[in-house]
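Asks: Predicted model and sequence below, questions to follow.
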2 protein chains.
Amino acid sequence: MSQPIDRRVPRTEVRARPAGPPTLATVADEAGVSRQTVSNALNNPDLLRPETLERVQEVIERLGYSPNRAARQLRTRSSHLVGLRFEPAQEGTSNALMDRFLHSLVAAASRTGHHVLLFSGDPDDPLDGYDDLLRSTAVDAFVVTDTYAGTPQAGFLKDRDAPFVTFGRPWEDPHADHAWVDVDGAAGARAATRHLLEQGHRRIAWLGWERSSRIGQDRRSGWEETLRAEGLDPTGLGVRVTDNVDAARMATHHVLDDPSVTGFVCASDTLALGVLHALAERRLQPGADVGVVGFDDSAAAQVAWPGLTSVRQPLEDVAVALVHTLHDVLAHRPVAEQGRMLEPSLVVRRSSLRGWTP
Amino acid sequence: MSQPIDRRVPRTEVRARPAGPPTLATVADEAGVSRQTVSNALNNPDLLRPETLERVQEVIERLGYSPNRAARQLRTRSSHLVGLRFEPAQEGTSNALMDRFLHSLVAAASRTGHHVLLFSGDPDDPLDGYDDLLRSTAVDAFVVTDTYAGTPQAGFLKDRDAPFVTFGRPWEDPHADHAWVDVDGAAGARAATRHLLEQGHRRIAWLGWERSSRIGQDRRSGWEETLRAEGLDPTGLGVRVTDNVDAARMATHHVLDDPSVTGFVCASDTLALGVLHALAERRLQPGADVGVVGFDDSAAAQVAWPGLTSVRQPLEDVAVALVHTLHDVLAHRPVAEQGRMLEPSLVVRRSSLRGWTP
DNA sequence: TCGTACGGTTGGATCGTTCCAGACCCGCCC
DNA sequence: GGGCGGGTCTGGAACGATCCAACCGTACGA
């Protein structure tokens, strides 16, 4: 009878070069210290004697060691991932917000050692996808962006006490106690309207969305109160359409049948482009004949002829604020400000300037 | 002396409801089976007796159990995450490709149980960010999108034998043996040029990028060979500028000083919008007077006046092909086709149609 | 001299899953 | 009746990190 071969590998002996990347144990062996010491070198360097720290760091550097995320995640219960449900921009609208925002978010998150995990979900179910990630403890927190009317995500996530921050204030429930960051749309519309007033326009129309859009209502209120503050009557100058170029184009023709109207403030760049289309069809010159201002400063606004003045959201700042807030939330620290409102700025191009010629 | 309090918790006893989500052990206890059996119910259901399977599934459903991703990732060494380095679209260009592509990728990946992890990197170092994720075994594979001249990522990743697929063929090295998916830019330019020929144009200019852009050269070749096939001479009709509206606008004016030119095929929508600007300045009508075709069918093309004809990349199909290929690569299966070339399509709008009036 | 406090370090246990080897039960065949 | 094989299920070990309790000198004060 042959002896069974002992395949066990003694733990303390130096093993053959492992197949995968080096582990913490590899580093510890190599540096002649224990695993805990290496761990401390990474997470609590000030606990080590300087020369020990240096020696360990040298080995880490030399072996190109990075801690295994899965192991760390399993032990610490934090993945350093932030989940974001990613909806596509609708075709036919110029919503390039997401691109800019997303990059800002990725950059801001990376500064705190986090990554962004994208997921999708059934467009008809705003909650789809969240639960899976939560139950499998795949992400530490969520950034919720599509906070349209109702925002069921907030309640849903709070019920499971999942950490999250919304980009968009809680419209429905002003006493909601979750953290949020938002851009002051009314202030943007105020700036846009004031700008057209300064250009000498008196009859300035509003082209916006249906009444059900809280964001749209907010922006509209900025237009309305600016006109009133100037002693002007907005009655009959506010129009509501769906967010699409053609609907805006047709509505514009209707508005322009009243020749006294010479200015348009729009709830989106898509709508503003519709206004520009109508002007082109009427052979009116944007800027000189009619002033037009859009909203969001999308890529389309930047390349449209003759250059579309637009309200620009400070998405970089939004991203930084979101990450900052998440940081507090994750540390179970009381969030400094529960809601942070940021100011948009106006990017002036020729569509609102009187004195230019093609 | 007081006895030290024994704080140990007996393993076999039923513990109080745990704080976190249910684990595999919870399910096993509840269903009266071992952990392995629950694991099999999830990963190899056909190993279980039907009634056992059903019982386990019922408990899983009832407790709302999802496997902990970190633990699974640690054990199986696969995270089900696909890394994508996310570069922002340049301001002032209308590159809305990323938005559409990204959503398609997220959707395609989710169908195979994968998520997309975004990371950023030093814009000056195309390799930055990859190594960290690799060494910490945070992602299973990469999708590489920015395969401009050189594509150092491919060599870098192959050296560490990290699984990856590129969106973009290996221009520099046609014998590179990594998997890729790409869109046939020359075919797109051919379709665009043919379309303008069908509209009756004979002198059709090309507005493209510098010679160093391989993608640009590829697209240009489609224009050139289509003209030649028609017995037309492209000499003097090809112009190279940087990808920005104003450069294109000025170049267009220069080209239009030769009144025989009545058509433009452009390497990007940004350039095509520059052509439209020049036409507006000359009071020429797009479509009727001069035919214009862009490339990429960006959001700006869709909302520009009077509607910009453009070559549309099948990004949804690209994403599906990428994920499909990754699937093979990850299974260490020989990839069916090393490179997959997809055909773009032409979206016709009024900028290239003769018979329309504002 | 001894107890104590403390910085630095150690090995074992643990997170939740899958891999592995083997146990058990049943029916079948010699 | 015993051996065999296949279907089903079990318990221990492992993945690679961090948490924890304890250990070991040294310095200090009583």
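Replies: That came in fine, so what should we check first?
Asks: Please report how far the closest residue to A:Asp233 other than its chain neighbours lies from A:Thr52.
Replies: Closest residue in space to A:Asp233, ignoring its immediate chain neighbours: A:Leu227 at 7.3 Å, by CB to CB, 6 or more residues apart in numbering or on different chains. C-beta here means a position set from N, CA and C on the backbone, and glycine is covered the same way. Counting by CB to CB, to the nearest Å, the separation of A:Leu227 from A:Thr52 is 70 Å.
Asks: Can you verify the residue nearest to A:Asp233 is assigned to a strand?
Replies: No - in this structure, A:Leu227 is helix, not part of a strand, as judged by DSSP: H, G, I helix; E, B strand; the rest coil.
Asks: other SSEs contacting the helix or strand that contains A:Gly83?
Replies: Secondary structure assigned from DSSP states H and E places A:Gly83 in strand A:81-85. In terms of contacts (3 or more CB pairs under 8 Å, 6 or more residues apart in numbering or on different chains; DSSP states H and E), strand A:81-85 is packed against helix A:97-110, strand A:115-119, helix A:130-135, strand A:141-144.
Asks: Put together CSV for these, with mean pLDDT, mean neighbour count and distance to DNA strand C on each row.
Replies: Conversion of the helices and strands packed on strand A:81-85 to CSV gives the following (pLDDT from 0 to 100; neighbours: other CB atoms under 10 Å in any protein chain shown; distance: least, CB to the nearest atom of the strand, whole Å):
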stretch, mean pLDDT, mean neighbour count, distance to DNA strand C
helix A:97-110, 90, 22, 24
strand A:115-119, 96, 23, 19
helix A:130-135, 94, 19, 9
strand A:141-144, 95, 24, 18
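Asks: out of the ones you listed, which comes closest to DNA strand D?
Replies: Among those, strand A:115-119 comes nearest to DNA strand D, with 16.7 Å by CB to the nearest atom of the strand.
Asks: Just the CA atoms of the closest one, as CSV, please.
Replies: C-alpha atoms of strand A:115-119 as CSV (Å, rounded to 0.1, in the frame of the first residue of the first chain):
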residue,chain,number,x,y,z
HIS,A,115,-16.3,54.6,-7.5
VAL,A,116,-19.5,55.0,-9.3
LEU,A,117,-21.6,52.0,-10.1
LEU,A,118,-24.2,52.4,-12.8
PHE,A,119,-27.3,50.3,-12.9
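Asks: excluding its backbone neighbours, what's nearest the most centrally placed residue in chain A?
Replies: In chain A, the centroid-proximal residue (CA atoms, centre = their mean) is A:Phe101; its distance is 4.3 Å. Leaving aside its sequence neighbours, A:Phe101 sits nearest to A:Leu315 (CB to CB, 6+ apart; 4.5 Å).
Asks: Tell me which residues touch the one you found, please.
Replies: A:97, A:100-101, A:104 (CB atoms under 8 Å, 6 or more residues apart in numbering or on different chains).
Asks: In this structure A:Ala301 contacts A:Leu271, no?
Replies: No - judged on CB atoms under 8 Å, A:Ala301 makes no contact with A:Leu271 at a distance of 11.2 Å.
Asks: Quick check: neighbours shared by the two?
Replies: Joint contacts of A:Ala301 and A:Leu271 (CB under 8 Å, 6+ apart) are A:Gly294.
Asks: Now A:Val165: which helix or strand?
Replies: strand A:164-167.
Asks: The following helix or strand past that strand pairs with which strands, parallel or anti?
Replies: Once the chain leaves strand A:164-167, the next helix or strand it forms, by DSSP H and E, is strand A:180-183. Sheet pairing for strand A:180-183, assigned by DSSP bridges, gives strand A:164-167 (parallel), strand A:339-342 (parallel).
Asks: tell me the SS of A:Val311?
Replies: Following three-state DSSP, we place A:Val311 in the strand state.
Asks: Determine the three-state secondary structure at the nearest residue to it once chain neighbours are set aside.
Replies: Among residues not flanking A:Val311 along the chain, A:Gly188 sits closest, at 3.8 Å (CB to CB, 6+ apart). Secondary structure assignment for A:Gly188 (three-state DSSP): helix.
Asks: and A:Gly188, what does it touch?
Replies: Residues near A:Gly188 by CB under 8 Å, 6+ apart: A:219, A:222, A:295, A:311, A:313, A:344, A:346.
Asks: Can you tell me which residues in the stretch 151-300 of chain A are near chain B?
Replies: The stretch 151-300 of chain A comes close to chain B at residues A:245, A:269-270, A:273, A:276-277, A:280-281, A:283, A:298-300, as judged by CB under 8 Å from any CB of the partner chain.
Asks: mind putting the residues you listed in JSON lines, distance to B:His114 and secondary structure included?
Replies: JSON lines is the format used below for those (distance: CB to CB, whole Å; DSSP: H, G, I helix; E, B strand; the rest coil):
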{"residue": "A:Val245", "distance to B:His114": "36", "secondary structure": "helix"}
{"residue": "A:Asp269", "distance to B:His114": "34", "secondary structure": "helix"}
{"residue": "A:Thr270", "distance to B:His114": "33", "secondary structure": "helix"}
{"residue": "A:Leu273", "distance to B:His114": "37", "secondary structure": "helix"}
{"residue": "A:Leu276", "distance to B:His114": "42", "secondary structure": "helix"}
{"residue": "A:His277", "distance to B:His114": "41", "secondary structure": "helix"}
{"residue": "A:Ala280", "distance to B:His114": "46", "secondary structure": "helix"}
{"residue": "A:Glu281", "distance to B:His114": "47", "secondary structure": "helix"}
{"residue": "A:Arg283", "distance to B:His114": "53", "secondary structure": "coil"}
{"residue": "A:Ser298", "distance to B:His114": "30", "secondary structure": "coil"}
{"residue": "A:Ala299", "distance to B:His114": "29", "secondary structure": "helix"}
{"residue": "A:Ala300", "distance to B:His114": "32", "secondary structure": "helix"}
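Asks: just to revisit the earlier point, quick check: which of the strands paired with strand A:180-183 is buried the most?
Replies: strand A:164-167 (a mean of 24; mean count of other CB atoms under 10 Å in any protein chain shown).
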